[in-house]
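1. Any chance you could fold what I've pasted below:
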Amino acid sequence: MSKFPPKQDKRPGMTQRRSAKKKTVTPTVSKSLVKTLHPRNLHNKGYDFTLLVQAHPALAVFVTPNAYGNTSIDFADPNAVKQLNAALLLHHYGITHWDIPQGYLCPPIPGRADYLHYLADLLNENNQARANGRIRALDIGTGANGIYPLLGIQSYSWQFVASDIDKVSLDNVRKIVENNPQLASKLSLRLQVNPKAIFSGVIAPDEYFDVTLCNPPFHRSLADASAGTQRKLRNLAKNKGQRQPKMTKSTVELNFGGQKAELWCEGGEAAFLANMIVESKAFAAQCMWFTSLVSKSENLKPCYAQLAQQNAIEVKTIEMHQGDKITRILAWSFLSHAQRQAWAKLREQSR
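-> The predicted structure follows:
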């Protein structure tokens, strides 16, 4: 592959932006008009448990009628959720022998797939997504589940680099790849040895990515995360018309999927995003789009201020709906529209 211009290259627009008077960047906000998943999301019509059990019989013992008479599982049971994920990955994405260690985050697959579909739309603005296999993505904090590379490779044939600060997580993703050889040529795993760094130590000096993605730690502390788990369990019990069971330490730990690095960090989501934005500036010419999920809407305003301070040229916020729940993708680029168009053409010529 041909090399892109080095970071010190004086491409049109880059030096002008740095030397010019600082301008306010107005974020583009894309709001969904309907409360549904992305149109390309395979899970728009819910779960077909009959087909899922046929694909993955281990799910059968967890499938029962819920309080409304519909076939479902107990989403407060981590084992049930894990088997549901294994069935979804096998039936819809051809991923076999997927598993995670006990106590690690078990992500909701429909929402994770939505993130990737909206990223494909973002890249398609520069005629990138049509190339599919030519897209190169960096997943920050892939976790033991490795969900974004798995879905991105199987849905779009993208190339992925996946990083994490937890060796156990990466070792587990490596086992998943060993059981799914179709992933091996498209996924590279990298250990981030500096827990305070995000891109540094992961992105090589002459390496380029079309897009980065991340699901940042949500909570500020373990106590905050445990309280969030208790709220989730109360809501699940309420929705099933049941009285919430007494919350003990063992109950919280049993249902508390996710290790420290997956769920909380000092300062929570706001601090993580601020650090990511600042550090992204050093890789401005090596990544076309930087993106991250933003769970709390109040964290957007300080992100916009930080992006303006770092002289981001374009900022977008994309809303995703999962019923009444709204999650946002924050995307930013230090490249102008013309530079992103040139990037896309160079990518097509270099493969």
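2. all strands of the stretch 101-250 of the chain, in order?
-> 136-140, 159-164, 187-191, 209-214 (DSSP state E, counting those that start in this stretch).
3. Run the angle between the first one and strand 187-191 for me.
-> Okay, so that is strand 136-140. 40 degrees (axes from the mean of the first three to the mean of the last three Cα atoms, to 10 degrees).
4. next one: the second one
-> Note on geometry: by the same axes, to 10 degrees, strand 159-164 and strand 187-191 are set 20 degrees apart in direction.
5. One more: the last one?
-> If you take the same axes, to 10 degrees, strand 209-214 sits at 60 degrees to strand 187-191.
6. Tell me how far strand 209-214 lies from the chain's centre.
-> 10 Å (Cα atoms, centre = their mean, to the nearest Å).
7. could you say what helices and strands that strand packs with?
-> Here strand 209-214 touches helix 109-124, strand 136-140, strand 287-294, going by 3 or more Cβ pairs under 8 Å, 6 or more residues apart in numbering; DSSP states H and E. (C-beta placed from N, C-alpha, C; glycine too.)
8. just to revisit the earlier point, what's the closest of the strands of the stretch 101-250 of the chain to Ala282?
-> Closest to Ala282 of the strands of the stretch 101-250 of the chain, according to Cβ to Cβ: strand 209-214, at 12.9 Å.
9. For that closest one, give me every contacting residue.
-> 115-116, 119, 122-123, 128, 135-141, 148, 161, 198-199, 203, 276, 280, 286-293, 343, 347 (Cβ atoms under 8 Å, 6 or more residues apart in numbering).
10. Also stretch 94-110?
-> Contact partners of stretch 94-110, identified using Cβ under 8 Å, 6+ apart, comprise 37, 41, 43, 78, 81-82, 85-86, 88-90, 143-145, 147, 150-151, 154, 168-169, 172, 175-176, 179-180, 182, 215, 253, 256-259, 262-263, 322.
11. Output the strands of the stretch 101-250 of the chain as TSV; include the columns mean pLDDT and distance to Asn66.
-> Output for these, formatted as TSV (pLDDT from 0 to 100; distance: least, Cβ to Cβ, whole Å):
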stretch	mean pLDDT	distance to Asn66
strand 136-140	97	33
strand 159-164	97	35
strand 187-191	98	36
strand 209-214	97	33
